[in-house]
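K.L.:
here is my input, please return the structure:
(chains A and B)
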Number of protein chains: 2
Amino acid sequence: MLVNGKAGNLISIRDRGLLYGDGVFRTLRVEQGRPLHWPLHYQKIQHDCNALGIECPDYARLSDELGGLLADYPDGVFKLIVTRGQATRGYAPASDAAATHIWDVAPLPDYPESRALLGVTLRLCELRLAHQPRLAGIKHLNRLENVLAAAECAGADEGLLLDADENVIEGTRSNVFLVLGGRLATPDLARCGVAGVARDRVMAYAGKIGMAVEVRAVKLDELRAADEVFLSNSVFGLWPVSRFGQRQWTDFDYALRIRAGLAGETNG
Amino acid sequence: MLVNGKAGNLISIRDRGLLYGDGVFRTLRVEQGRPLHWPLHYQKIQHDCNALGIECPDYARLSDELGGLLADYPDGVFKLIVTRGQATRGYAPASDAAATHIWDVAPLPDYPESRALLGVTLRLCELRLAHQPRLAGIKHLNRLENVLAAAECAGADEGLLLDADENVIEGTRSNVFLVLGGRLATPDLARCGVAGVARDRVMAYAGKIGMAVEVRAVKLDELRAADEVFLSNSVFGLWPVSRFGQRQWTDFDYALRIRAGLAGETNG
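P.N.:
Predicted structure coming up:
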C-alpha cells in the first residue's frame, strides 16, 4: 500500500478525504501482473479530479507507483484514491492544497463462474438516488447512498438503484444495460450515478460490432420487458441478470457475446 | 488528538470514513476548559449513528476522553468523528464492524466581534442541495455539496443554500432563521440539510421566551422580506445577516436578544 508514493497504510485524521469525502477513486483489476485498462482508469480519475478542482497526480508518476506494486501483487483489485489533501479550516478548499493519493490492494474476489455464465439475481433497493448534477457521473468518496443500498440488498447478487423520479440508474456497484431488439440502452447519468470504465468499454465495443447504444432515461417496466439485462463493473466484467423479482431470463446471447468480446480486447 | 481513545492523528486507509464517508461528526466549542453543550452534541451524534446503523461509543467513554483533552486544550474547536470502522469488502457494512472514533482540536477562530453585532453578508450559492430523505438532518461525512458551495461563496461571510425546489435550507456551515412579525421560521430539513445543535438551542430558547417557531418550507422571497435573518452554529453562536444581495438589514433586535439569551444559558 502506498500513500503519496511511500509505503504505508495510514493517513492524517485531517485529510479532507475523511473529513468531507472530498476526493475520488477508481478500482481496477490486475491479472498476472497486468493492470487491466489502466489508461482508461487514469482518464476517468483525471476527469473526476478536474470536475471537483482537485489536482490529479500525473500519469507517469501513478504508472510508476502502480508498476512497483505489481511485483508484489501480480493479481488483485487495486484501488486508487485521490483526495484534496489536508484540511486547513472549514469546507472551502485552500488554493494551495496538495492532493493526497493512495494505492491499496485487495485479493481478487472469488465470485463463482456461474454468475458470468448463468446470470445473477438483482433486487430493487428502496433507497432512491438523489439528483445532484454537480456530482453525477463522478466516482467520488461520498458513497453513503451506496452503503445504505448495499446493506438493504445484501441478500441478492446486486441491488438495483432508481432515482427520485423512478428512473433506473445503476447497480450499487455496477452499471446497467438493457438489450432491446438488438440495441443497447443504458441510463443517462446526468443527475446521479457513477460512470464506470466498464460502462464505457461496453459502449465502445457495441459500437465496434455495429450495435446501437442509447444513453437515456430508462424505466423499470422497460427493464422488466427487456430481452436481456446485464451489469458491468471493472472487477467482475459483465454479469447477465437471470432474475429480477418475478421476471426471469435464461437467454444471455448478447451479454455473453459482449463479455467475450471485452475479454478478448487488447489491454490498454 | 485521539483515535479510539489513544493519542494519535492517523487512521487506516481502509477506514470506511475515508472510503465512503461512512460516518458522522459534530463540532463543539470549548472555552476556559468547559465544553459547551457537550450533552446535546452527544445526543445528536448518537442519533446520527443510530440513523446510519453505526455503533456509537458510549457517553461515559467519550466524556472521559474529552475531559482528558481539556487539560491540554482549555480553549478550542473540538471535532468528534465516528466512522463505521475498517472495511472488509465493498459497500455493505459488516455486521461486526467496530466503529472508529476520533477527537481533533483546532484553535478557536478569531472572527471579528462585528459579525455578531453588526451582522454578516450572505451570498446565494448556485449549487442546489439534493433531496435525500435517508440522509437529511444527519451530520454525516458526505459533505461534497458543502465543499463546492463554500468554494463558490468564498467571498461572502456565509453562503446560502437552496434545495432543488428552490426552498431555502441552510448556510454552508450554519442553520438559518427568519424573524417575521415577532415569530421565528426555520427551514424544514426532512429532505436535505444538517440539523445543528445550535438550531435546537435557538428553537428551545424561543419557546422559553414565548416566541413561536415554525419549521416549514421557506422561500427566498420570504427571506428577503423578513424583518430579520440570522444564522446559528455551535462555534460562532448566532450571527445576524446584514446583507443579502440588494437587501440590507440594520435592525437586529431579536437576533441580539436571542444571542444574549443563549450565551447566558447554563452549560449543559
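
K.L.:
which single residue of chain A ends up nearest chain B?
P.N.:
residue A:21 (3.2 Å; C-beta to the nearest C-beta). Using the backbone N, CA and C atoms, a C-beta is placed for each residue, glycine as well.

K.L.:
burial of that residue, as a residue count?
P.N.:
Taking other C-beta atoms under 10 Å in any protein chain shown as the criterion, the count of residues near residue A:21 is 27.

K.L.:
what sits against it?
P.N.:
Contact criterion C-beta atoms under 8 Å, 6 or more residues apart in numbering or on different chains gives A:140, A:141, A:142, A:143, B:20, B:21, B:141, B:142, B:143, B:144 as the residues in contact with residue A:21.

K.L.:
again, but for residue A:236
P.N.:
Residues counted as contacts of residue A:236 (C-beta under 8 Å, 6+ apart) are A:109, A:111, A:115, A:116, A:174.

K.L.:
make it 6 Å
P.N.:
Under the criterion of C-beta atoms under 6 Å, 6 or more residues apart in numbering or on different chains, the contact list for residue A:236 reads residue A:111.

K.L.:
phi and psi next, for it.
P.N.:
Comment: the main-chain dihedrals of residue A:236 come out as phi -90, psi -10, following degrees, to the nearest 10.

K.L.:
okay, it: pLDDT?
P.N.:
The pLDDT attached to residue A:236 in the predicted structure is 96.

K.L.:
next one: the one 4 residues further on
P.N.:
Reported pLDDT at residue A:240 in the predicted model: 98.

K.L.:
how close does it get to residue A:229?
P.N.:
Counting by C-beta to C-beta, to the nearest Å, the gap from residue A:240 to residue A:229 is 7 Å.

K.L.:
can you give me the helices in chain A?
P.N.:
Ranges of helices within chain A are A:16-20, A:38-52, A:59-72, A:114-118, A:144-152, A:197-208, A:220-225, A:253-263, based on DSSP state H.

K.L.:
spit out the contact partners of the residue nearest the centre of chain A.
P.N.:
The residue lying closest to the centre of chain A (C-alpha atoms, centre = their mean) is residue A:196, at 4.0 Å. Going by C-beta under 6 Å, 6+ apart, residue A:196 touches residue A:175.

K.L.:
apart from its neighbours in sequence, what residue is nearest the residue located most distally from the centre of chain A?
P.N.:
Relative to the centre of chain A, and counting by C-alpha atoms, centre = their mean, the farthest-placed residue is residue A:89 at 31.3 Å. Sequence neighbours aside, residue B:106 is the residue nearest to residue A:89 in space, at 6.8 Å (criterion: C-beta to C-beta, 6 or more residues apart in numbering or on different chains).

K.L.:
that neighbour contacts residue B:77, correct?
P.N.:
Yes: when contacts are counted by C-beta atoms under 6 Å, residue B:106 is listed as touching residue B:77 (4.6 Å).

K.L.:
surely residue A:75 touches residue A:108?
P.N.:
Yes: with contact defined as C-beta under 6 Å, residue A:75 counts as touching residue A:108 (5.5 Å).

K.L.:
now that we have the contacts of residue A:21, which of them are buried?
P.N.:
A residue is treated as buried here by neighbour count (16 or more other C-beta atoms under 10 Å in any protein chain shown); on that basis the buried members of the contacts of residue A:21 are A:140, A:141, A:142, A:143, B:20, B:21, B:141, B:142, B:143, B:144.

K.L.:
which of those lies closest to residue B:7?
P.N.:
Minimum distance to residue B:7 across the buried ones among the contacts of residue A:21 is 22.5 Å, recorded for residue B:141 (C-beta to C-beta).

K.L.:
contact residues of the stretch 51-200 of chain A facing chain B?
P.N.:
Among all residues of the stretch 51-200 of chain A, those adjacent to chain B (criterion: C-beta under 6 Å from any C-beta of the partner chain) are A:91-93, A:102, A:104, A:127, A:130-132, A:134, A:140-144, A:146-148, A:150-151, A:154, A:172.
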